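S.K.: the amino acid sequence is not available; the structure is as follows:
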């Protein structure tokens, strides 16, 4: 097992496992059945948060050397969150390759390691939705609003939740 | 400053007195006297060579570096009673400072172990069953095909190899590799790398480890010369920053530019910036061109008459001297080709502002060009001397030894002369950067500096001439020359006489 073969076997295995025994809070499948490296996941807004009841679609793109390098995750649905770039890309530390932090300032537990799976990544994203980290925001406007005008932030989020339900 | 320098300084003061008292005897002092004086004083010059040997730095080759690194690791490993791999990880964490490791470890061993990821006992016990599941690929493998760091988190060989290889190919961060389990910070050391990596990755890792010993250490640096593999261990706090690598490159420890004594680092930085600066281009344009009076594009007039026609689409015709429209020119202004309006204006002192600025820019550019040219000429002359020295060592010495029936050991004075030339060219070169920044109004200092510089220059020219041209005669001679010994005395004398006295 080397390179792309290892990656695709591992992804196939995860896909099989997730189809057989789905995990609460999200559903996962392929964007195109012939390409194991591109996944489509639907994340259900976690209960008791601003995103409660929303259905958010995201695409996970895996590199050929997965699991040694992390996938990238991008929301296709409209999203308003301090840690999601305006174009939908998700910015959380476990998706950062360890090489990006050569001095080891980030804790090992915060960086990407090959132990992570589709499940653990999506669970991290769900946890990100329930507790935004406005220390290092990807969307500065959203972070500012989250910090200073929480009411407007809430309003904007409930609007995207409603819209996601209509499309779904 | 050491005593040798002080002695030179004392000499300098003497010559300064000579210089200002207008002593006519000085002229002879500048000539052969110089050389005789030094020649009689062989003890002194031997002293100066030995003095230079007593260095405040050590040049290290790869073997030396490895050896030192091994010694440091052994020290830590013995004193702290920990495995060598752990000692290596610990040292790297504390930038290879043995004393810092000692301090931190004996202050709070628990804290250090946690920060670095050195565990005393495994976090998880590998269950005593036949097959284990790899935490990365979720395949089951027999126990003997699973590996774990000190923490005990088991992963299969293939996944480990991929993990380690990705880290190594990501760069020197691999020296701080931890267990793949996110909750675990156990360090992964070179012992695991050697079990799990391919030959190429192992070598890369060991290369990074060696580099780290030089690059993360405050006391060591690589020689900045391209392709040079030597490193320099420098005694921090020494007076002189000059370092001369075994590859012949001399550089300044402080700024890693080439050695630049007597000029200081900030002047060098300024000078280098100036040499590359766009501002000199601007000055040139300002000094050598005039803008078209109509479209304002800069025009350089390199020859021809004063009747300028700007290039299309402007096509404005004007007079280069007065920048007035050509149509205004005729008999009444003194003819087409002699615009005397300019002359009159100049005589009346009616220089306009632009003209003054242009003149000033031209002056400043000329001044800069003066110093730059001399700086650059000495630079290329030094480069040439480096090549000549190599040629001398590889070809000519042997030939000369045959022709003049002299053992090669007796011809060392030639190599020494060339080494001296190379060094003097370097110093002389930097005196021009120094001169450029020497304030115009410090007349005495300036005059003295230029006097010393002049002496240094003429002395060096004599030496260079002797080593380059006069040597040719003996090289091309049919057989042993009678006066070869005289030549030896002369060249050796010139060599010793040229230990440059410029301590500014």
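M.R.: Sure, I can see it. This structure is a prediction, so every number in the text was calculated from the model and none was measured.
S.K.: going forward, measure contacts between C-alpha atoms and count neighbours the same way
M.R.: Fine.
S.K.: which residue is nearest the middle of the chain?
M.R.: No chain in the question, so chain A it is. residue A:125 (4.3 Å; Cα atoms, centre = their mean).
S.K.: and that one, how far from residue A:85?
M.R.: Separation of residue A:125 from residue A:85 (Cα to Cα, to the nearest Å): 14 Å.
S.K.: how many neighbours does residue B:492 have?
M.R.: Neighbourhood size, residue B:492 [other Cα atoms under 10 Å in any protein chain shown]: 20.
S.K.: and the gap between it and residue B:122?
M.R.: Relative to residue B:122, and taking Cα to Cα, residue B:492 is found at 70 Å.
S.K.: likewise residue B:62?
M.R.: Relative to residue B:122, and taking Cα to Cα, residue B:62 is found at 36 Å.
S.K.: for chain B, which segments are assigned as strands?
M.R.: Using DSSP state E, the strands assigned to chain B run over residues B:57-60, B:131-133, B:140-142, B:146-147, B:155-156, B:220-222, B:231-234, B:242-244, B:250-252, B:289-291, B:298-300, B:307-309, B:317-319.
S.K.: quick one: strands adjacent to the fourth one?
M.R.: What it means is strand B:146-147. strand B:155-156 (antiparallel) (DSSP bridges).
S.K.: what's next to the partner strand, contact-wise?
M.R.: Residues outside strand B:155-156 that contact it (Cα atoms under 8 Å, 6 or more residues apart in numbering or on different chains) are B:133, B:134, B:135, B:136, B:141, B:145, B:146, B:147, B:148.
S.K.: list just the nearest of those to residue A:115.
M.R.: residue B:136 (4.7 Å; Cα to Cα).
S.K.: quick one: contacts for the residue lying closest to that closest one once chain neighbours are set aside?
M.R.: Once flanking residues are discounted, residue B:136 sits nearest to residue A:115: 4.7 Å by Cα to Cα, 6 or more residues apart in numbering or on different chains. Shown in contact with residue A:115 (Cα under 8 Å, 6+ apart): A:67, B:135, B:136, B:180, B:181, B:182.
S.K.: only whichever of those residues are buried, select them in ChimeraX.
M.R.: Selecting only the buried entries of the contacts of residue A:115 in ChimeraX, with 16 or more other Cα atoms under 10 Å in any protein chain shown as the criterion:
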select /A:67 /B:135,136,180,181,182
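S.K.: tabulate the contacts of residue A:115 (a markdown table), appending pLDDT.
M.R.: Below are the contacts of residue A:115 laid out as a markdown table (pLDDT from 0 to 100):
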| residue | pLDDT |
| --- | --- |
| A:67 | 90 |
| B:135 | 88 |
| B:136 | 90 |
| B:180 | 90 |
| B:181 | 89 |
| B:182 | 84 |
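S.K.: now distance to residue B:107 too, for the contacts of residue A:115, in TSV please.
M.R.: TSV is the format used below for those (distance: Cα to Cα, whole Å):
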residue	distance to residue B:107
A:67	40
B:135	36
B:136	38
B:180	30
B:181	29
B:182	28
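S.K.: sec struct for the residue nearest to residue B:136, please.
M.R.: Here residue A:115 is recorded as coil under DSSP: H, G, I helix; E, B strand; the rest coil.
S.K.: and residue A:39, that's in a strand?
M.R.: Yes - under three-state DSSP, residue A:39 falls within a strand.
S.K.: ok, it touching residue A:59?
M.R.: Yes - look at residue A:39 against residue A:59 with Cα atoms under 8 Å: they come within range, at 5.6 Å.
S.K.: contacts for stretch B:472-479, please.
M.R.: Counting by Cα under 8 Å, 6+ apart, residues outside stretch B:472-479 touching it are B:396, B:399, B:400, B:403, B:404, B:481, B:484.
S.K.: how close does the residue lying closest to the fourth one once chain neighbours are set aside sit to chain A?
M.R.: Using Cα to Cα, 6+ apart and skipping the chain neighbours, the partner closest in space to residue B:403 is residue B:479 (5.3 Å). Distance of residue B:479 to chain A, given as Cα to the nearest Cα, to the nearest Å: 66 Å.
S.K.: so residue B:479 versus residue B:437, what's the distance?
M.R.: 52 Å.
S.K.: any stretches of chain B with poor pLDDT?
M.R.: Scanning chain B for pLDDT under 70 picks out B:1-54, B:277-280, B:282-283, B:286-287, B:302-306, B:312, B:321, B:329-354, B:361, B:498-504.
S.K.: what do you get for chain A?
M.R.: For chain A, applying pLDDT under 70 flags the ranges A:1-4, A:98-109, A:168.
S.K.: what's the local residue count around the residue nearest to residue B:403?
M.R.: Neighbours of residue B:479 using other Cα under 10 Å come to 13.
S.K.: OK, contacts around the residue lying closest to residue B:179 once chain neighbours are set aside?
M.R.: Excluding its sequence neighbours, the residue lying closest to residue B:179 (Cα to Cα, 6+ apart) is residue B:186, at 5.4 Å. By Cα under 8 Å, 6+ apart, the contact set of residue B:186 is B:116, B:117, B:118, B:119, B:149, B:150, B:151, B:178, B:179.
S.K.: redo that, cut-off 7 Å
M.R.: Residues near residue B:186 by Cα atoms under 7 Å, 6 or more residues apart in numbering or on different chains: B:117, B:118, B:119, B:149, B:150, B:151, B:178, B:179.
S.K.: and what of residue B:314?
M.R.: residue B:295.
S.K.: name the element residue A:161 belongs to?
M.R.: Assigned by DSSP states H and E, residue A:161 belongs to helix A:150-167.
S.K.: pull the distance from that helix to the chain's centre.
M.R.: 19 Å (Cα atoms, centre = their mean, to the nearest Å).
S.K.: which parts of that helix are buried?
M.R.: Neighbour counts over helix A:150-167 (16+ other Cα under 10 Å) mark A:153, A:156, A:157, A:158, A:160, A:161, A:164 as buried.
S.K.: over to stretch B:217-235?
M.R.: B:217, B:220, B:221, B:222, B:223, B:224, B:225, B:230, B:231, B:232, B:233, B:234.
S.K.: of all pairs in those, which one spans the longest distance?
M.R.: Among those, B:217 and B:225 lie farthest apart (Cα to Cα), at 19.2 Å.
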